[in-house]
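Asks: below are the sequence and a predicted model; questions follow.
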Amino acid sequence: MIERAWQSELAAMITAQEAKWINFRRRLHQNPEPSGHEYQTSLAIYQELSSLGVDLRMGPEGRGVLSDWRTPHAEGLEAAIAIRGDIDALRIHDQKEVPYHSLCPGLMHACGHDAHATMALWATTLIVELDRAGALPWPLRLRSIFQPAEETCTGALEMISVGALKDVREIYATHVDPTLPTGRIGLRVGALTASCDAVRILIHGQGGHGARPHESRDPIAASAQLISALYLSIPRVTDSQDAVVLTFGRIHGGENLNVIPEQVELLGTLRTLDTDVRQRTIDHIHRIASGVQRATDTTIEVCFDVGTSAVINQAKPISHLKSAIVESFGHEAIYEIPRASMGGEDFAFYLDHVPGAMARLGCRPPAVEHAPLLHSPMFDIDEAVLAIGARMLASAAIHAFEPKPAHEQL
C-alpha cells in the first residue's frame, strides 16, 4: 500500500476528528425522524455545513440538504462528483441498551442512515479542509446530497426534481452491512440490489352468510387460490437463472367470523434484477389473476406501484472506489460481492441519470460472529466504520478528478 502525501494528510485529519463525528452520529441516532418528517435532521446537517462556507440549499419542504464545493479558481470543472447520504429512520422501537439509544418511542435508525449521513458529511468536511490547507493534489468539484425518504422510495426523486444531479457526472453512496466485519468493503460491478415494485390486488366478490357459501362469490377463497397459484406458477414460468421474488405481506378481508366479505385486499412486493424479467413477471401475474377470476366468478384488479429499479454499479466508478480503498486500506479490505441482494434501494433513481456506485461497508465488530441485521430493533454499528466510509468517499471523489495522461485524453 503506497500512501500519497494527500492521503497522509487525510489520515491525520480523520484521526483528529473521529470523536466529533462519532458524537454527531449518536446525536442523529438519538433523534430519529421517519420518512417525510426529516426536518430537525436536515437542520442539524445544514448547520454543520454552514460553518464550512459551502454553497447550501435545503431540499423540498425543508427536508434534505444539497451542498456544493468547487476548488477556488479552478478551470475546466464543468461537472461535479456527487456523494449521497440518506437521513430517514424507520418506525421500529429501539430495544438496544446503549447510552445513545433512540429517544423517540417507536422510531429508530435501524438501517444505518445516521451512519451514511455522517460519512457523507464528514467526507465533505475533509475535502473542503484539504482544499483550504492546499493539500488537494488537483482541483475538484463536489456535490453532497443528504436525502430524505429513502425508505419510502420518494426522497431520491424529490432531490432530483430540485436539481441534485444538475452538472453531476458520477455519484457514490454507502450502505452499512452487518454481515461483514468492520474493515471489509463490499464492491460489485453490475446489479447490486433488485428492482422493487409494490403489488396491490383487490378481489371483489359477493358477500353472504358463512353457513351458506354457495349463495356468495367468496373473495377469501379466491384470494387463497390466487396466492397459491402465484407462488406455485411464477417459479415455473421463470428461468431458474433469473432471480424473482414475489411475497405478500398483508391480507385483509372481512370483519366477522361468520360473514363472507365483499372484498379482499392483498399487498405484496415483487423483486427482480432484470427489466425484461420484471415485465414478463408482471405479465404472468396479470394472466394468472385473470384465470383465477374466471374460475371463481370474482373480479380481480391487479395494480403495480413502481418502486425502484435495480442499483447497477458502473465499472468506472467502481474503479475509483477500488483505487481509494487500496491506497487507504490495502487490497485485503475489498470483498467482491458474489451476487446481488434482492433488497431495494432508491439510490437506483440517481443511476437512471448518471453513472455511479454504491459500496457495502462492513459494520460488524470483528470479535462478534453474528450481529443484529438491518431493520432489527437491536441493530447497531461498530462506529469505526464511520472513519472508513468518510475516508473512502473523500478519496474516491479525489481520484475521480485525477488528471489523465496525455495519451488517454480525447
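Replies: Yes, it's here.

Asks: from here on, contacts and neighbour counts on C-alpha atoms
Replies: Noted.

Asks: could you chop this structure up by domain?
Replies: Split into domains by automatic domain parsing, the chain comes to 5-191+310-408, 195-308.

Asks: ok, the residue lying closest to residue 366 once chain neighbours are set aside - contacts?
Replies: Excluding its sequence neighbours, the residue lying closest to residue 366 (CA to CA, 6 or more residues apart in numbering) is residue 181, at 5.2 Å. Residues counted as contacts of residue 181 (CA atoms under 8 Å, 6 or more residues apart in numbering) are 362-366.

Asks: and residue 181, how far is that from residue 385?
Replies: 10 Å (CA to CA, to the nearest Å).

Asks: how far away from the center of its chain is stretch 246-255?
Replies: Centre-to-centre, stretch 246-255 and its host chain are 26 Å apart (CA atoms, centre = their mean, to the nearest Å).

Asks: got the contact list for it?
Replies: Contacts of stretch 246-255 with the rest of the structure, by CA under 8 Å, 6+ apart, involve 220, 231, 260-271.

Asks: swap in 10 Å and give it another go.
Replies: 196-203, 207, 219-220, 223-224, 227, 230-231, 234-235, 260-272, 281, 285 (CA atoms under 10 Å, 6 or more residues apart in numbering).

Asks: which of these are buried, as a PyMOL select command?
Replies: The buried subset of the contacts of stretch 246-255, as determined by 16 or more other CA atoms under 10 Å, is captured in PyMOL by this line:
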select buried, resi 196+197+198+199+200+201+202+203+207+219+220+223+227+230+234+235+260+261+262+263+264+265+266+267+268+269+270+271+272+281+285
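
Asks: inside helices: which ones of the contacts of stretch 246-255?
Replies: 219-220, 223-224, 227, 230-231, 234-235, 281, 285 (DSSP state H).

Asks: would you map the strands across the stretch 51-200 of the chain?
Replies: 55-58, 65-70, 80-86, 141-147, 168-181, 185-187, 190-191, 195-204 (DSSP state E, counting those that start in this stretch).

Asks: which helix or strand in the chain has the lowest average pLDDT?
Replies: Lowest on mean pLDDT, DSSP states H and E among the helices and strands of the chain sits strand 299-308, with a mean of 91.

Asks: put the alpha carbons of that strand into PDB.
Replies: Included here for strand 299-308 are C-alpha records, laid out as PDB according to Å, rounded to 0.1, in the frame of the first residue of the first chain:
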ATOM      1  CA  THR A 299     -63.500  -9.600 -10.200                       C
ATOM      2  CA  ILE A 300     -59.700  -9.200  -9.600                       C
ATOM      3  CA  GLU A 301     -57.900  -5.900 -10.000                       C
ATOM      4  CA  VAL A 302     -54.000  -6.000 -10.100                       C
ATOM      5  CA  CYS A 303     -52.100  -2.800  -9.600                       C
ATOM      6  CA  PHE A 304     -48.300  -2.200  -9.500                       C
ATOM      7  CA  ASP A 305     -46.900   0.900  -7.900                       C
ATOM      8  CA  VAL A 306     -43.400   1.200  -9.400                       C
ATOM      9  CA  GLY A 307     -40.800   1.500  -6.600                       C
ATOM     10  CA  THR A 308     -37.200   1.500  -7.600                       C
END
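
Asks: so who does residue 201 touch?
Replies: Going by CA under 10 Å, 6+ apart, residue 201 touches 223, 226, 251, 264-268, 289, 300-304.

Asks: can you pull the pLDDT of it?
Replies: Note on residue 201: pLDDT of 98.

Asks: for it, which non-adjacent residue is closest in space?
Replies: Computed as CA to CA, 6+ apart, the closest residue to residue 201 that is not its neighbour in sequence is residue 302, at 4.6 Å.

Asks: next: residue 284.
Replies: Nearest residue to residue 284, sequence neighbours excluded (CA to CA, 6+ apart): residue 234, at 7.3 Å.
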